[in-house]
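>>> prediction below, plus the sequence it came from.
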Amino acid sequence: MSGEDLYSGTESMRSGLELDADKVEAFFRENLQDFDGNAEITQFKGGQSNPTYKVSSGRKSWVIRRKPPGQLLPSAHAVDREFRVLTALGKTNVPVPKTHLLCMDEAILGTPFYVMDYVEGQVYWNALLPDASPDQRFQVFDSMNDSIAKLHQVEYESLELSDFGRPGNYVERQLRRWGKQYRDADYEKIPEMDLLIEWLQERIPDQNQTSIVHGDYRLDNMIFDPRQNRVLAILDWELSTLGDPLADFAYHVMQWRVPMDLHRGIGGADLSSLGIPEEQSYLDSYCNRTGRTGIKDWEFYMVFSLFKMSAICYGILVRIHDGTAASEHAQQTGSLAQPFAKLGWEQVTQKKLD
């Protein structure tokens, strides 16, 4: 089954994640001026860890994004952080949905939630855009490049986001976090992961800029205008913080190094005939837009991105082993841990990175 089938659109609310329609209507009537009542509530299929719902009434639709029920880690699923950064970025040229209100009162819908506009448009789950023309593909990728460049140039201090994260040592902290999770896990180890951790620890570059980072910037976390092929809204800000924009950008460009048969990869595709920019061209566009002459430690950032992806997948494997993740989607994602670690180490050995 394709990503389009698995994740596109909405479906009936899933068991255990239902919203009380009467409570939603009462809350909307009290807080939203253009709500007409008779709400139709469906749940988005996409794999957000924060359950997300479409609420339609008349010609208008909204989105509810809530914290999932159950016992959670204290810092996880922080919908208030998402709401804060989306609301702040709504004052900039970064394309985000318009936010309306945040509700931390668990008595309303069972968990904290926020409400934002529903953005009508296209979500692309296949990075090769098989139904598009070369010109359309170029426009989609160029708009994606333009949007992350805009994000990384936002003056977060002027938006009162100076305390949204720690301003320095982003890569070091990320490497420590994911490396510790891997090493502390009581599960089969991956030799290439141990090699990557050691290699990365010895080569962490200085962080010369701090910006708002999305944390999971990728094609299927955006809504596009299907006619103008431009980004209308960037979604899923759960991992956003203050950090190193180059790490954020490289994590997004990682798909150029990932083979087409692995996971959302475009590596090995005939990009020129498809109209998709080559990696260097895409990198040059970002540098031009952000006023850089180049990125000195680019290969480090790419290796780090592959390590991080492997570590995320490994964490899912551990949860499957512990019995806390059992879905077919979890199994598929967890199985990527070893291939991504091997791909990361291949970057080091084949390119003879010192």
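Noted; the coordinates are in hand.
>>> residues in contact with the host helix or strand of residue 116?
Using DSSP states H and E, residue 116 sits in strand 113-117. Here strand 113-117 makes contact (Cβ atoms under 8 Å, 6 or more residues apart in numbering) with 28, 31-32, 61-67, 79-80, 82-83, 86, 97-103. Quick note: C-beta positions are derived from backbone N, CA and C, even for glycine.
>>> for it, buried residues please.
Neighbour counts over strand 113-117 (16 or more other Cβ atoms under 10 Å) mark 113-117 as buried.
>>> contacting residues around the residue nearest the centre of the chain?
Nearest to the centroid of the C-alpha atoms of the chain, with distances taken as Cα atoms, centre = their mean, sits residue 216, at 2.5 Å. Contacts for residue 216 (Cβ under 8 Å, 6+ apart) come out as 236, 238-239, 251.
>>> circling back: mark which of the contacts of strand 113-117 are part of strands, please.
Among these, the subset assigned to strands under DSSP state E consists of 61-66, 99-103.
>>> and those, which are buried?
Among the ones in strands among the contacts of strand 113-117, those classed as buried by 16+ other Cβ under 10 Å are 61-66, 99-100, 102-103.
>>> does residue 93 really touch residue 150, like I thought?
Yes - in this structure, residue 93 is within contact of residue 150 by Cβ atoms under 8 Å, at 5.4 Å.
>>> residues contacting residue 60?
Residue 60 makes contacts with 34-36, as judged by Cβ under 8 Å, 6+ apart.
>>> which one of these is nearest to residue 142?
residue 34 (34.5 Å; Cβ to Cβ).
>>> just checking, that closest one is part of a helix?
No - assessed with DSSP: H, G, I helix; E, B strand; the rest coil, residue 34 is coil; it does not lie in a helix.
>>> if I look at it, how far off is residue 10?
Separation of residue 34 from residue 10 (Cβ to Cβ, to the nearest Å): 21 Å.
>>> of the two, who's got more company?
Taking neighbours as other Cβ atoms under 10 Å, residue 34 and residue 10 compare with residue 10 leading, 16 against 10.
>>> so for that one, what's the nearest residue that isn't a sequence neighbour?
Closest residue to residue 10 apart from its sequence neighbours, by Cβ to Cβ, 6 or more residues apart in numbering: residue 42 at 3.7 Å.
>>> count residues in the vicinity of the one you found, would you?
When neighbours are defined as other Cβ under 10 Å, residue 42 has 15 of them.
>>> is it true that it touches residue 13?
Yes - counting by Cβ under 8 Å, residue 42 does reach residue 13; the two are 7.0 Å apart.
>>> shared neighbours, those two?
Here residue 42 and residue 13 share the contacting residues residue 53, scored by Cβ under 8 Å, 6+ apart.
>>> comparing residue 93 and residue 150, which residue is more hemmed in?
Between residue 93 and residue 150, counted using other Cβ under 10 Å, residue 150 has the larger neighbour count: 18 against 11.
>>> can you name the residues that contact the more buried one?
Counting by Cβ under 8 Å, 6+ apart, residue 150 touches 92-94, 289.
>>> mind doing that once more with 6 Å?
Counting by Cβ atoms under 6 Å, 6 or more residues apart in numbering, residue 150 touches 93-94.
>>> pLDDT averaged over whichever strand or helix holds it - what is it?
Assigned by DSSP H and E, residue 150 belongs to helix 134-152. Mean per-residue pLDDT for helix 134-152: 98.
>>> how much distance is there from it to the middle of the chain?
Its chain's C-alpha centre and that of helix 134-152 lie 16 Å apart, by Cα atoms, centre = their mean, to the nearest Å.
>>> what of stretch 270-278?
24 Å.
>>> buried residues, it. List them.
For stretch 270-278, by 16+ other Cβ under 10 Å, it's 271, 274-277.
>>> now, those residues that are in strands?
Per DSSP E, the buried residues of stretch 270-278 never map to strands.
>>> now, among the buried ones among the ones in strands among the contacts of strand 113-117, which is nearest to residue 323?
Nearest to residue 323 among these: residue 66, at 25.0 Å, using Cβ to Cβ.
>>> returning to what we had before: distance to residue 172 and pLDDT for the ones in strands among the contacts of strand 113-117 - can I get that in CSV?
Formatted as CSV, the ones in strands among the contacts of strand 113-117 follow (distance: Cβ to Cβ, whole Å; pLDDT from 0 to 100):
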residue, distance to residue 172, pLDDT
61, 42, 93
62, 40, 95
63, 35, 96
64, 37, 95
65, 31, 94
66, 33, 91
99, 32, 97
100, 37, 96
101, 37, 95
102, 32, 96
103, 36, 95
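>>> how about JSON lines for those, with distance to residue 232 added?
As requested, those are arranged in JSON lines below (distance: Cβ to Cβ, whole Å):
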{"residue": "61", "distance to residue 232": "14"}
{"residue": "62", "distance to residue 232": "16"}
{"residue": "63", "distance to residue 232": "13"}
{"residue": "64", "distance to residue 232": "19"}
{"residue": "65", "distance to residue 232": "17"}
{"residue": "66", "distance to residue 232": "23"}
{"residue": "99", "distance to residue 232": "15"}
{"residue": "100", "distance to residue 232": "17"}
{"residue": "101", "distance to residue 232": "21"}
{"residue": "102", "distance to residue 232": "22"}
{"residue": "103", "distance to residue 232": "25"}
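>>> surely the residue nearest to the centre of the chain is in a helix?
No - assignment of residue 216 by three-state DSSP gives coil, placing it outside any helix.
>>> phi and psi next, for it.
Dihedral pair for residue 216: phi -150, psi 50, per degrees, to the nearest 10.
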